[in-house]
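Participant: got a predicted structure here, sequence first:
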Protein chains: 2
Amino acid sequence: MVRKNAVNRPERILDAAASLITRLGFDKTTIADIALEAGVAKGAVYLHWSSKEALFDALVTREMRRLMADLLARVEADPRGGSLTRMYAHSLQALQANPLMRALYTQDSRVLGKFIHQQDPRRYVERFGFGKDFIIYMQAAGLVRKDLNPESLAYLLSVIAYGFTGIESVIPAAEAPSLEQVEEVLEAVLGRGMTLEDGDSEAGKQALRLAVDVVNRQYDAVHPDGA
Amino acid sequence: MVRKNAVNRPERILDAAASLITRLGFDKTTIADIALEAGVAKGAVYLHWSSKEALFDALVTREMRRLMADLLARVEADPRGGSLTRMYAHSLQALQANPLMRALYTQDSRVLGKFIHQQDPRRYVERFGFGKDFIIYMQAAGLVRKDLNPESLAYLLSVIAYGFTGIESVIPAAEAPSLEQVEEVLEAVLGRGMTLEDGDSEAGKQALRLAVDVVNRQYDAVHPDGA
DNA sequence: ATATGACCAGAAAAACAAAATTGGTCATGA
DNA sequence: TCATGACCAATTTTGTTTTTCTGGTCATAT
């Protein structure tokens, strides 16, 4: 019987890499480990990527695309998903669900290992989150209070997202209130504090679609050969 | 001429320790370094504390008291200082101004070094910030929306504080908007989102005085012998 | 009485060599 | 044509020894 699933072999390799790297970190994860986990020979890995760095790069790209797709799906499925508050909550949930992206966002050197020194990791990070332009768009759509400085608001949202990804080292999950409760409060506070009720919610979703598209295109530009 | 300033020698030693430990970290800072910086002999340090750990412990206690005093001074000087939003903003500023407390709050192992393994550092941290009880008090005083879950709100405030202390590793200060701008937005968002306008501002200040007192008393309990 | 700094045992760091592992290649077999 | 895994140079890890350093003490000087 011939292995016909060689088609999605790159995907399987990336799956293995994602699993191992988020668990052992970049340094301790070897190509042999990845190949073993993926059920292929070591050499096969080099049929798709020229180096360990290139593999990791591809992995980051794939996970970023997945993160964007996940975020978009959550927002589209939410009737009130067009408001900045809801979108932001969804983005926190999506980020929470993707360990590799979380590690990248927090510059976790335990996971990123020496990769953090070779490449400039900020290359990835700066495409994250809701930037200044996005806020301005949302203000134009009547969904965000116009008296808030867009740059500062974008920064504040980054701060909170960063806080959520790292707080566990200070307040263990066992002592923290449930995520639902916290998100309820977050939504109540941010909802009143920064959003407007009478805006066009659909415009918000449209803004997100565009923003996601921009992110994806940026990754196309860096990786013209695809996965 | 006799050294008459031997009275404040403990303070000078703690000053030297604070300066060196925040710069070099606990591990790389030696007792000899501290003594030299303080202008005393090494043995003199042991006239006041029985070990390096005891010295560090005393330093943390002093800095915590200073942090509390600083916070209180900022709030008292602010006419609208009784609102939770203002108090919170002041607490962020006070924390920002104290490198050692910042390191303790974020469990920064570069500064805390091996101390983080010996003592349980959470012993200090859990006395930080605005806890659940404080929020409840503020709600009773009509200063905070009563529909917000106190525990979740307290957690959210911790998350934001943690985010501010660590965000610099992701967004360098050079690329970040000015602190004033960000605090303006933070105040606007949190002000609308969680506080009530018609509450008794003086009651808020009183609540803080009590909370600060509780913290200070806790440190008395742990260190009955004083500095 | 009080403060000092030489002194010491134990810990940490540096230096070095030996052994194991790793990223990457490629002759070989399916 | 495609995938494999033995193979290799280079790096990393491990083990060992030597040296330096550090927290803490205490006989001595002030």
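Facilitator: Good, I have the coordinates.

Participant: chain A: helices as residue ranges?
Facilitator: Per DSSP state H, chain A carries helices over the ranges A:9-24, A:31-38, A:42-45, A:52-77, A:84-96, A:99-105, A:109-112, A:115-118, A:122-125, A:132-140, A:150-166, A:179-194, A:201-222.

Participant: DNA strand C contacts on chain A?
Facilitator: A:28-32, A:42-43, A:46, A:50-53 (CB under 7 Å from any atom of the strand). (C-beta placed from N, C-alpha, C; glycine too.)

Participant: can you pick the most crowded of those?
Facilitator: A:Thr29 (22 neighbours; other CB atoms under 10 Å in any protein chain shown).

Participant: any low-confidence regions in chain A?
Facilitator: A:1-7, A:118-128, A:221-227 (pLDDT under 70).

Participant: per-domain residue ranges of it.
Facilitator: A:1-48, A:51-222 (automatic domain parsing).

Participant: just name the most buried of those domains.
Facilitator: The highest mean neighbour count among the domains of chain A, using mean count of other CB atoms under 10 Å in any protein chain shown, belongs to domain A:51-222: a mean of 18.

Participant: before we move on, the earlier item: want to throw the domains of chain A into a markdown table with distance to B:Gly131?
Facilitator: As requested, these are exported to a markdown table (distance: least, CB to CB, whole Å):
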| stretch | distance to B:Gly131 |
| --- | --- |
| domain A:1-48 | 33 |
| domain A:51-222 | 11 |
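
Participant: nearest to B:His117, of the ones you listed?
Facilitator: Nearest to B:His117, of all the domains of chain A, is domain A:51-222, at 14.3 Å by CB to CB.

Participant: want to try JSON lines for the helices of chain A, with distance to B:Gly193 as columns?
Facilitator: Formatted as JSON lines, the helices of chain A follow (distance: least, CB to CB, whole Å):
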{"stretch": "helix A:9-24", "distance to B:Gly193": "34"}
{"stretch": "helix A:31-38", "distance to B:Gly193": "46"}
{"stretch": "helix A:42-45", "distance to B:Gly193": "50"}
{"stretch": "helix A:52-77", "distance to B:Gly193": "21"}
{"stretch": "helix A:84-96", "distance to B:Gly193": "10"}
{"stretch": "helix A:99-105", "distance to B:Gly193": "24"}
{"stretch": "helix A:109-112", "distance to B:Gly193": "33"}
{"stretch": "helix A:115-118", "distance to B:Gly193": "36"}
{"stretch": "helix A:122-125", "distance to B:Gly193": "27"}
{"stretch": "helix A:132-140", "distance to B:Gly193": "16"}
{"stretch": "helix A:150-166", "distance to B:Gly193": "12"}
{"stretch": "helix A:179-194", "distance to B:Gly193": "3"}
{"stretch": "helix A:201-222", "distance to B:Gly193": "19"}
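
Participant: need those in a markdown table (columns: distance to chain B).
Facilitator: Shown next, in a markdown table, are the helices of chain A (distance: least, CB to the nearest CB, whole Å):
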| stretch | distance to chain B |
| --- | --- |
| helix A:9-24 | 19 |
| helix A:31-38 | 28 |
| helix A:42-45 | 31 |
| helix A:52-77 | 16 |
| helix A:84-96 | 10 |
| helix A:99-105 | 7 |
| helix A:109-112 | 10 |
| helix A:115-118 | 11 |
| helix A:122-125 | 6 |
| helix A:132-140 | 9 |
| helix A:150-166 | 3 |
| helix A:179-194 | 3 |
| helix A:201-222 | 17 |
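
Participant: for DNA strand D, which of those is the nearest?
Facilitator: helix A:42-45 (2.0 Å; CB to the nearest atom of the strand).

Participant: got the contact list for the closest one?
Facilitator: A:9, A:13, A:31-32, A:34-35, A:55 (CB atoms under 8 Å, 6 or more residues apart in numbering or on different chains).

Participant: that one near DNA strand D anywhere?
Facilitator: Yes - using CB under 7 Å from any atom of the strand, helix A:42-45 reaches DNA strand D at A:42-44.

Participant: how far away from the center of its chain is that helix?
Facilitator: Distance of helix A:42-45 from its chain centroid, counting by CA atoms, centre = their mean, to the nearest Å, is 28 Å.

Participant: dump it to PDB, restricted to CA.
Facilitator: Taking Å, rounded to 0.1, in the frame of the first residue of the first chain, the C-alpha atoms of helix A:42-45 are listed here in PDB:
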ATOM      1  CA  LYS A  42      14.300  13.200   9.000                       C
ATOM      2  CA  GLY A  43      15.300  13.900   5.400                       C
ATOM      3  CA  ALA A  44      11.700  14.400   4.400                       C
ATOM      4  CA  VAL A  45      11.600  17.500   6.500                       C
END
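
Participant: which single one of the residues of helix A:42-45 next to DNA strand D is nearest to DNA strand C?
Facilitator: Checking those one by one against DNA strand C (CB to the nearest atom of the strand), the nearest turns out to be A:Gly43, at 3.4 Å.

Participant: and A:Pro79, what are its phi and psi?
Facilitator: Dihedral pair for A:Pro79: phi -60, psi -40, per degrees, to the nearest 10.

Participant: separation between A:Met194 and B:Glu202?
Facilitator: 29 Å (CB to CB, to the nearest Å).

Participant: over to A:Asp133?
Facilitator: A:Asp133 is 43 Å from B:Glu202, by CB to CB.

Participant: can you pull the residues of chain A lying near DNA strand D?
Facilitator: So chain A meets DNA strand D at A:3, A:6, A:9, A:27, A:40-44, A:47, A:114 (CB under 7 Å from any atom of the strand).

Participant: can you add distance to B:Gly129 and give those back as JSON lines?
Facilitator: Formatted as JSON lines, these follow (distance: CB to CB, whole Å):
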{"residue": "A:Arg3", "distance to B:Gly129": "57"}
{"residue": "A:Ala6", "distance to B:Gly129": "55"}
{"residue": "A:Arg9", "distance to B:Gly129": "50"}
{"residue": "A:Asp27", "distance to B:Gly129": "35"}
{"residue": "A:Val40", "distance to B:Gly129": "50"}
{"residue": "A:Ala41", "distance to B:Gly129": "54"}
{"residue": "A:Lys42", "distance to B:Gly129": "50"}
{"residue": "A:Gly43", "distance to B:Gly129": "54"}
{"residue": "A:Ala44", "distance to B:Gly129": "52"}
{"residue": "A:Leu47", "distance to B:Gly129": "53"}
{"residue": "A:Lys114", "distance to B:Gly129": "36"}
